[in-house]
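> prediction below, plus the sequence it came from.
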Amino acid sequence: MVRVLVGGLIGLAIAMGVARFAFTPILPAMQEATGLRADGAGLLASLNYLGYFVGALGAGLVPHGSVRTVMYRLSLLVSVVTTAAMGLDLGDAGQAMPVWLVLRFLSGVSSAGIFILGIAMVLDTLSRGGGERLAGWLYMGVGLGIASSGLFVALFGRHLGWDGDWLALGAICAVLGLLPGLWVRDPPPRRQSAAAGTVEDAGTARRAGLSMPLLLLTLAYFLEGGGYIVSATFLVSILKTDPGTAAVGEAAWMVAGLGAMGAGVFWAAVARRSNSWWSLILAHLTQAVTILLPMTGSPAVAVFSALLFGGTFVGIVSQAFALGRQLSAGASARVVGALTAAYGLGQIIGPLPAGLVVTRTGSFNAALLGAAAAVVLGALLLALGMVIAGRRSSAGQAFASPETS
C-alpha cells in the first residue's frame, strides 16, 4: 500500500509539477531566446490545458482493470517524451510554434491520464487496505514536482539554457517514472454478491443527482480554473518584468511548490474544524488576495504570495473533490470527472485573454485583477451553495423528526 502511495505521489510530481508547470519557470528564458511573446505563451498554455480537458474526458471512459493500468503507463511515457521534446532545436518561436503547440497539447492529455487514473487507482488501493487517512498525502506530489522543477531551473537554467532544462527534466522524469510505472496498478475488484452490488449502485445513482449545491460547486471550480491559471502560467514572468522583484522570480515558483506540498493535509484539517464549504471559501479568498500581491513590487511580499498561492490551489483541488464526493453520496468517479472537466475548461479560457491583455498593455495588472475577480466570484457561489445545502439539510432533519404535541 505504501509503495502504491509513493508511486502515485511521484506520478503526480512528473505529470503536474514538471510536464505541466515547469513551463512557468522556463518561460522567461524561452521568451528571451526565441522571441516568444506573451500572447504566444498564453496560447501554448491554453493548448496544454485543452489537452488536459480532452484527457480528462477520455480518462473517465477507461474501464477498470488491466486497461486502466496500461493507459496509466502509456500516459507516463507520453508525458516524459513530450517534456524532453520541448528542448529540441526548432529555431525561433515563429518556426517552432506549430510543434510546440502539438507537444503541449499531448503533454496535457498525458497529464490528465496520470492525474485521474493514478489518483483513482491509489485511492482504491488505500480504501481496500484501510488507509484512507493517508489520501491527503498523495497531493504532496504536485507541490514536490513544482518545487523540484523550480529549484532545478534556478540552479542549472543559466548553464543549460531553456532547451537544456527541458531535455534534462525529461531525462530525470524518465528515470523516476519507472517507479509509478511498476508500483501503481488497478487493484482487483471487490467481491460482493450481485444482488447487493445492484442495490448499492442503484441507491447511489438515485442519490447522486445534480443538485443545486453541486452545480454551484462545479461553477466555482470552473472559475477557479480560469483564475488561478493566470498566476500559474505567468508568475515568474510577472516577477521578472518588475525590477523590484526580478531577482526572486525562480525562487518564488520554488516556494509555491513548497507551499503546495502540505496544502492537501492543511485544508483537510481546516475542513475537519469547520466543513469543506468553509475550507473552500477561505482558500478562495486567500488566493484572490495572493494573486494581487505581486502588484506591490516588494520581493518579500512576492515570495510570501507565492507560498500562499501554492498552498491554496492544491488545497482547493483536494477539497473540491472531497466536497463533491459528499454532495454526490459517494459517486466520486462521476463527480471527479465533471469537476475536472469544468476546471480544465476554465484553464483553457484563462491564459488567452490574459496573454492578449499583457501584449496590448505591457502590464500584467489588468490580467491579475481579472483573475482575482474570477476567484472571488467562485467564493460567492460557494457561499450560496453552502446556504442552500444547509437549508436542505435542516428541512430534511425536520421532515424526518417525529411530530410532538
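Yep, that arrived.

> which other helices and strands does whichever helix or strand residue 286 is part of contact?
Following DSSP states H and E, one finds residue 286 within helix 276-292. If contacts are counted by 3 or more CB pairs under 8 Å, 6 or more residues apart in numbering; DSSP states H and E, helix 276-292 sits against helix 212-240, helix 263-273, helix 299-327, helix 365-400. Every C-beta, even on glycine, is put in place using the N, C-alpha and C of the backbone.

> export that helix as CSV, just CAs?
This file holds the C-alpha atoms of helix 276-292, laid out as CSV (Å, rounded to 0.1, in the frame of the first residue of the first chain):
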residue,chain,number,x,y,z
SER,A,276,-15.5,21.6,3.3
TRP,A,277,-17.6,24.6,2.3
TRP,A,278,-15.8,27.0,4.7
SER,A,279,-12.5,25.5,3.8
LEU,A,280,-13.0,26.1,0.1
ILE,A,281,-14.4,29.7,0.7
LEU,A,282,-11.4,30.6,2.9
ALA,A,283,-9.0,29.1,0.4
HIS,A,284,-10.6,31.1,-2.5
LEU,A,285,-10.5,34.4,-0.6
THR,A,286,-6.9,33.8,0.4
GLN,A,287,-5.9,33.0,-3.1
ALA,A,288,-7.7,36.1,-4.5
VAL,A,289,-5.5,38.3,-2.3
THR,A,290,-2.5,36.2,-3.1
ILE,A,291,-2.9,36.8,-6.9
LEU,A,292,-2.8,40.6,-6.4
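
> can you pull the buried residues of it?
The neighbour-count check on helix 276-292 (16 or more other CB atoms under 10 Å) flags 276-288, 290-292 as buried.

> right, and the secondary structure at residue 358 would be what?
Put simply, residue 358 is helix when judged by DSSP: H, G, I helix; E, B strand; the rest coil.

> where in the stretch 51-200 of the chain is pLDDT low?
189-200 (pLDDT under 70).

> kindly recompute the last result at 50.
Applying pLDDT under 50 to the stretch 51-200 of the chain picks out residues 193-200.

> domain map for the protein?
As given by automatic domain parsing, the domain ranges for the chain are 1-187, 210-392.

> just to revisit the earlier point, what's the closest of the buried residues of helix 276-292 to residue 217?
Set against residue 217, the nearest of the buried residues of helix 276-292 by CB to CB is residue 280 (8.0 Å).

> who touches the closest one in this structure?
Taking CB atoms under 8 Å, 6 or more residues apart in numbering as the contact definition, residue 280 lies against 220, 316, 319-320, 323, 379, 382.

> can I get those in JSON lines with distance to residue 178, pLDDT and neighbour count?
JSON lines is the format used below for the contacts of residue 280 (distance: CB to CB, whole Å; pLDDT from 0 to 100; neighbours: other CB atoms under 10 Å):
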{"residue": "220", "distance to residue 178": "38", "pLDDT": "96", "neighbour count": "28"}
{"residue": "316", "distance to residue 178": "31", "pLDDT": "93", "neighbour count": "26"}
{"residue": "319", "distance to residue 178": "32", "pLDDT": "90", "neighbour count": "23"}
{"residue": "320", "distance to residue 178": "31", "pLDDT": "91", "neighbour count": "26"}
{"residue": "323", "distance to residue 178": "35", "pLDDT": "89", "neighbour count": "26"}
{"residue": "379", "distance to residue 178": "41", "pLDDT": "97", "neighbour count": "21"}
{"residue": "382", "distance to residue 178": "40", "pLDDT": "97", "neighbour count": "30"}
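
> thank you, goodbye.
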